[in-house]
Structure formats: C-alpha cells, structure tokens
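Chemist: Give me the fold of what follows.
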Amino acid sequence: MTTSTMNGPTFAAMPPIGAEKANAAHPLKGVLITVFTVKIAVAAFLLATVSLAPPVNAEASYMTAAIVD
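Modeler: Numbering: from 1, shown residues only. Here you go, the predicted structure:
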C-alpha cells in the first residue's frame with residue numbers, strides 16, 4: 001500500500017486576513033436621497049390636501065367658491 005499525501009494549501013501559503021476597505025460612496029447617492037425625501041414630502045402634502053377636502057356630498061355652501069357668476 002502506498003501512503004497518499006495531500007498537496008493542499010498550508011497556513012503559511014495563505015494571505016493574511018485584514019480588514020476590508022470601505023468602498024467609496026456612489027456619486028448619485030445624494031440625488032437618490034433627495035428624490036426619496038421629495039417624494040415623501042409630496043405624498044404628505046397630497047394626503048393632507050385630500051384629508052382637508054370637503055366630502056363629495058357636501059352642502060351647497062361649500063361649493064360657493066367654485067361657482068363664478
């Protein structure tokens with residue numbers, strides 16, 4: 001019988017473990033954050049506008065501003 005030897009990597013042959021470097025921020029990251037912020041602000045404005053609107057079956061006194069003689 002023959003003795004089998006393993007020719008795998010040894011600990012001495014492995015590169016040292018070091019801390020990973022932080023990648024630079026994407027150049028459009030600020031634009032993305034700005035767009036999301038504006039979208040949230042517009043959505044909040046639209047929700048507030050809809051919540052302040054009179055109901056569809058409101059009395060005629062609410063509609064006087066819409067009637068121009």
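Chemist: pLDDT below threshold where in this protein?
Modeler: 1-6, 8-9, 54, 56-69 (pLDDT under 70).
Chemist: Let's see that with 50 instead.
Modeler: Of all residues in the chain, none has pLDDT under 50.
Chemist: All the helices of this structure, in order from the start?
Modeler: 29-52 (DSSP state H).
Chemist: Quick check: P15 vs K21, distance?
Modeler: 15 Å (Cβ to Cβ, to the nearest Å). Every C-beta, even on glycine, is put in place using the N, C-alpha and C of the backbone.
Chemist: measure V35 to L28 for me?
Modeler: 10 Å.
Chemist: same thing with P16?
Modeler: Distance of P16 to L28, computed by Cβ to Cβ: 35 Å.
Chemist: The two: which has the busier surroundings?
Modeler: Neighbours per residue (other Cβ atoms under 10 Å) separate P16 from L28, with L28 holding more: 10 against 4.
Chemist: Could you pull up phi and psi at the more buried one?
Modeler: The phi/psi pair for L28 (degrees, to the nearest 10) reads phi -100, psi 10.
Chemist: Report the contact partners of it.
Modeler: When the contact criterion is Cβ atoms under 8 Å, 6 or more residues apart in numbering, L28 has no partners at all.
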